[in-house]
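Peer 1: This is a predicted model, with the sequence first.
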Amino acid sequence: MMEIILAAVAGLVLFLYAVRSLSETLYDALGDTAPTWIRRWTSNRFSSVFIGILITILLDSSSAVIILTIVMVNSRVLNLRQAMGIVMGANIGTTISSQIIAMDIGQFAPLIMVVGFVMMGFKKQRKQRLLGQGMMYLGVLFFGLFTMENAVEPLHHEAFFENWMRQAAHPFTGAWVGALVTLIIQSSSATVAMAMVLAKGGFLALDGGIAIMLGAELGTCTDTMLATIKSRRPALKTGLFHLLFNLTTIVIGLILFQPLVQASQWMSQGASMERAIANAHFLFNVSGVALFIGLVPWIEKFLNQLLPDRPNEFPNET
């Protein structure tokens with residue numbers, strides 16, 4: 001049992017390391033241009049959503065994008081309405097990670113790492129070196145998943161683990177599990193990936209995987225709320241919007257849980273269990289954005305009334 005736990009933890013650590021390193025590498029590749037792009041292409045709520053999707057796909061981290069947005073709002077580079085669009089877009093962008101994970105290419109991870117390692121040798125060519133680093137970390141990400149998959153395989157013979165996974169199939173229990181795991185490891189992508197690994201191994205049914213995914217959406221709010229500590233009111237309102245958006249959509253997702261499961265099954269058309277969870281993740285977040293995007297002006301007004309800007313927050317302004 002100890003060997004199983006250690007191997008699973010090792011795979012998880014590799015996954016988390018790869019996600020964060022990949023994000024840092026891509027951000028380094030973008031340099032200081034990312035804030036400029038974001039500011040230039042967020043003139044309305046729809047373009048803000050699109051930019052949120054794009055930057056999240058590039059950085060492979062919705063939390064990083066939302067925290068960056070909070071920083072930019074705190075510096076008055078962005079306004080609240082622009083930030084709300086980016087936050088919604090980041091929620092869609094993070095589902096791309098689930099779709100990539102569902103491709104099941106873990107067995108090719110060593111080849112991706114080798115190619116990346118070779119490209120990292122181009123020390124005089126910065127773009128090739130950064131691309132090599134990105135491929136290296138992408139390979140480590142898939143290798144971490146592959147390690148977790150092999151680690152949990154022997155758990156088929158453990159009755160207590162099977163019983164625990166059966167309990168996670170209940171929507172509310174699974175959601176609490178997903179929220180707690182995300183709170184601990186500070187990565188909703190990793191939580192969803194773990195659910196997909198367990199579903200692929202036959203430990204978790206589709207409804208359990210979707211319930212854990214819903215909980216992960218709530219758990220990811222913790223690091224963005226922490227980023228608002230000692231921030232100005234506009235940044236705090238951005239963090240509150242992220243919490244409000246996720247909490248509201250999760251409640252709706254739990255109320256309409258069975259239709260969500262059925263819709264993901266229909267969308268997957270007999271595909272693998274992990275693909276069905278990835279599709280549910282995409283469907284859930286896209287539906288949430290479709291619900292909220294028309295309400296942005298009223299939500300902005302509500303947040304401004306709830307937390308009006310302090311007159312002395314920007315003392316250097318006249």
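Peer 2: Arrived safely, thanks for sending.

Peer 1: going forward, measure contacts and count neighbours with C-alpha atoms only.
Peer 2: Noted.

Peer 1: Where does pLDDT dip in the stretch 1-150 of the chain?
Peer 2: In the prediction, the stretch 1-150 of the chain carries residues with pLDDT under 70 at positions 1, 4-5, 19-20, 22-24, 26-37, 104-107, 122-124, 149.

Peer 1: can you give me the helices in it?
Peer 2: 2-30, 33-40, 45-59, 62-74, 80-93, 95-101, 109-119, 126-152 (DSSP state H, counting those that start in this stretch).

Peer 1: any idea of the angle the last one forms with helix 109-119?
Peer 2: So that's helix 126-152. 160 degrees (axes from the mean of the first three to the mean of the last three Cα atoms, to 10 degrees).

Peer 1: One more: the fourth one?
Peer 2: Using the same axes, to 10 degrees, the inter-axis angle of helix 62-74 relative to helix 109-119 is 50 degrees.

Peer 1: thinking again about what came up before, to residue 220, which of the helices of the stretch 1-150 of the chain lies closest?
Peer 2: helix 62-74 (7.1 Å; Cα to Cα).

Peer 1: can I get the helices of the stretch 1-150 of the chain in JSON lines with distance to residue 266 and mean neighbour count?
Peer 2: As requested, these are exported to JSON lines (distance: least, Cα to Cα, whole Å; neighbours: other Cα atoms under 10 Å):
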{"stretch": "helix 2-30", "distance to residue 266": "30", "mean neighbour count": "18"}
{"stretch": "helix 33-40", "distance to residue 266": "36", "mean neighbour count": "14"}
{"stretch": "helix 45-59", "distance to residue 266": "25", "mean neighbour count": "23"}
{"stretch": "helix 62-74", "distance to residue 266": "27", "mean neighbour count": "23"}
{"stretch": "helix 80-93", "distance to residue 266": "20", "mean neighbour count": "28"}
{"stretch": "helix 95-101", "distance to residue 266": "16", "mean neighbour count": "20"}
{"stretch": "helix 109-119", "distance to residue 266": "30", "mean neighbour count": "18"}
{"stretch": "helix 126-152", "distance to residue 266": "26", "mean neighbour count": "22"}
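
Peer 1: Redo those as JSON lines? Include distance to residue 178.
Peer 2: Shown next, in JSON lines, are the helices of the stretch 1-150 of the chain (distance: least, Cα to Cα, whole Å):
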{"stretch": "helix 2-30", "distance to residue 178": "15"}
{"stretch": "helix 33-40", "distance to residue 178": "31"}
{"stretch": "helix 45-59", "distance to residue 178": "21"}
{"stretch": "helix 62-74", "distance to residue 178": "16"}
{"stretch": "helix 80-93", "distance to residue 178": "16"}
{"stretch": "helix 95-101", "distance to residue 178": "15"}
{"stretch": "helix 109-119", "distance to residue 178": "26"}
{"stretch": "helix 126-152", "distance to residue 178": "17"}
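
Peer 1: between those, which one is nearest to residue 301?
Peer 2: Per Cα to Cα, nearest to residue 301 of the helices of the stretch 1-150 of the chain: helix 80-93, 9.9 Å.

Peer 1: CA atoms only: put that closest one into PDB for me.
Peer 2: Provided in PDB are the C-alpha atoms of helix 80-93 (Å, rounded to 0.1, in the frame of the first residue of the first chain):
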ATOM      1  CA  LEU A  80     -13.800  45.800 -13.500                       C
ATOM      2  CA  ARG A  81     -15.900  45.000 -16.500                       C
ATOM      3  CA  GLN A  82     -12.800  44.000 -18.600                       C
ATOM      4  CA  ALA A  83     -11.600  41.800 -15.700                       C
ATOM      5  CA  MET A  84     -15.000  40.100 -15.400                       C
ATOM      6  CA  GLY A  85     -14.800  39.100 -19.000                       C
ATOM      7  CA  ILE A  86     -11.300  37.700 -18.700                       C
ATOM      8  CA  VAL A  87     -12.300  35.700 -15.600                       C
ATOM      9  CA  MET A  88     -15.100  34.100 -17.500                       C
ATOM     10  CA  GLY A  89     -12.800  33.400 -20.400                       C
ATOM     11  CA  ALA A  90     -10.200  31.800 -18.100                       C
ATOM     12  CA  ASN A  91     -12.900  29.400 -16.900                       C
ATOM     13  CA  ILE A  92     -13.400  28.200 -20.500                       C
ATOM     14  CA  GLY A  93      -9.700  28.200 -21.300                       C
END
